[in-house]
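Novice: Predicted model and sequence follow; I will ask about them next.
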Amino acid sequence: MARYRGPKSKIARRFREPIFGPDRALDKKNYPPGQHGPNRRRGKQSEYSIQLAEKQKAKYTYGILERQFANLFDKASRKKGITGENLLQLCESRLDNTVYRLGIANSRRGARQLVTHRHITVNGKIVNIPSYQLRPGDKVSIREKSKALEVVVNALSNHSNKYDWLEWDRSNMEGTYIAVPSREMIPENIREQLIVELYSK
């Protein structure tokens, strides 16, 4: 299966969370999608289905495919520390996610497009790999020719969130990945322990 390009509201409704940002459809229909709507009988979820749903939510949130996610989990499990926390830290240190967090794009999908279209540089060099893993001290900026792009200017003008592990220099339009974020810093509502339990079976 290729990357999901369907309606984002359907996915948000499935998890009953605005995982792609504010969503009017989710506010109006706060129940899972399906032809029977809110009246459909939904049996008790098994432990496996709850764990699987949490993994799917994490994948859709960060825009990562199944094999990529499995590789990230394998990498997280081999690192020192708590596997679930390591997994989220690896997701957060992806270049496309950092571009989104810095406010250069309004969504992770938009951030991925900016990266693949060669509008983003890391430490002065163009990087067009969305999954590129950043290290503390790396500088992420917009390529000189791309600084006037309407999509970038609009995103930066609407951005207000600040994250402790990132620093943004507005005058140079450059961000710095200061440190690997701790679990408390990451705002995503993901129960990573359920994902660890799923992969441990």
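Specialist: Done, it's in. Because the structure is predicted, anything quoted here is derived from the model rather than measured.

Novice: Report the central residue of the protein.
Specialist: Per Cα atoms, centre = their mean, the C-alpha nearest to the average position across the chain is that of Tyr62, at 2.7 Å.

Novice: For that one, give its distance to Ala111.
Specialist: Tyr62 is 11 Å from Ala111, where distance means Cβ to Cβ, to the nearest Å. C-beta: built from backbone N, CA, C; applies to glycine.

Novice: Need the overlap of contacts for these two.
Specialist: Common contact partners of Tyr62 and Ala111 (Cβ atoms under 8 Å, 6 or more residues apart in numbering): Asn97.

Novice: quick one: the helices in the chain?
Specialist: In the chain, the helices defined using DSSP state H lie at 8-15, 24-28, 47-62, 66-78, 83-92, 95-101, 108-116, 150-158, 192-199.

Novice: got a markdown table for those, with mean pLDDT too?
Specialist: Listed next are the helices of the chain as a markdown table, based on pLDDT from 0 to 100:
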| stretch | mean pLDDT |
| --- | --- |
| helix 8-15 | 65 |
| helix 24-28 | 58 |
| helix 47-62 | 91 |
| helix 66-78 | 95 |
| helix 83-92 | 96 |
| helix 95-101 | 96 |
| helix 108-116 | 94 |
| helix 150-158 | 92 |
| helix 192-199 | 94 |
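
Novice: so which of these gets nearest Arg183?
Specialist: The minimum distance between Arg183 and these falls on helix 83-92, with 4.7 Å, by Cβ to Cβ.
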